[in-house]
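Visitor: coordinates only, sequence not included:
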């Protein structure tokens with residue numbers, strides 16, 4: 001789902017008359033979706049087995065908070081992955097965070113360059 005949204009957004013950037021503005025809009029739509037998918041996964045993981053995290057209950061807000069602290073590499077430590085399954089999911093998120101920040105941003109920057117080139121050439 002995320003890949004489909006990101007792919008659609010990159011295409012929209014390359015076709016836009018204002019690619020830099022469209023890329024900003026695309027990042028504003030894609031990044032929250034990425035974070036919400038992980039927050040939902042952490043919430044469901046905690047609902048399946050409370051011992052997956054170090055807190056008694058992990059509600060939706062806590063799940064989003066935990067996701068953002070991992071994404072931002074802040075990791076306050078108040079919520080931690082307690083089981084192997086949870087640690088694998090967190091590790092996966094950290095790897096995907098790097099990919100999103102590296103390749104994802106590069107894809108949107110590249111799309112802006114293509115869009116600007118098309119606009120300059122009148123295509």
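Guide: Structure received. Keep in mind that this is a model prediction, so the values were computed, not measured.

Visitor: ok, now how distant is the spatially most central residue of the chain from residue 109?
Guide: Nearest to the geometric centre of the chain sits residue 34, at 2.9 Å (CA atoms, centre = their mean). Distance, residue 34 to residue 109, by CB to CB, to the nearest Å: 17 Å. To be clear about C-beta, it is placed using only N, CA and C from the backbone, and glycine gets the same treatment.

Visitor: from the middle of its chain, how far away would the helix or strand hosting the residue nearest to the centre of the chain be?
Guide: Following DSSP states H and E, the helix or strand that holds residue 34 is helix 19-48. The gap between where helix 19-48 is centred and where its chain is centred comes out at 4 Å by CA atoms, centre = their mean, to the nearest Å.

Visitor: Output the contacting helices and strands for that helix.
Guide: Applying 3 or more CB pairs under 8 Å, 6 or more residues apart in numbering; DSSP states H and E, we find helix 19-48 packed against helix 2-15, helix 60-71, helix 84-99, helix 105-121.

Visitor: So which residues make contact with the last one?
Guide: Helix 105-121 has contacts (CB atoms under 8 Å, 6 or more residues apart in numbering) with 6, 9-11, 13-17, 19-20, 22-23, 26-27.

Visitor: May I ask which of these has the most neighbours?
Guide: Within the contacts of helix 105-121, neighbour counts (other CB atoms under 10 Å) peak at residue 13, which reaches 27 neighbours.
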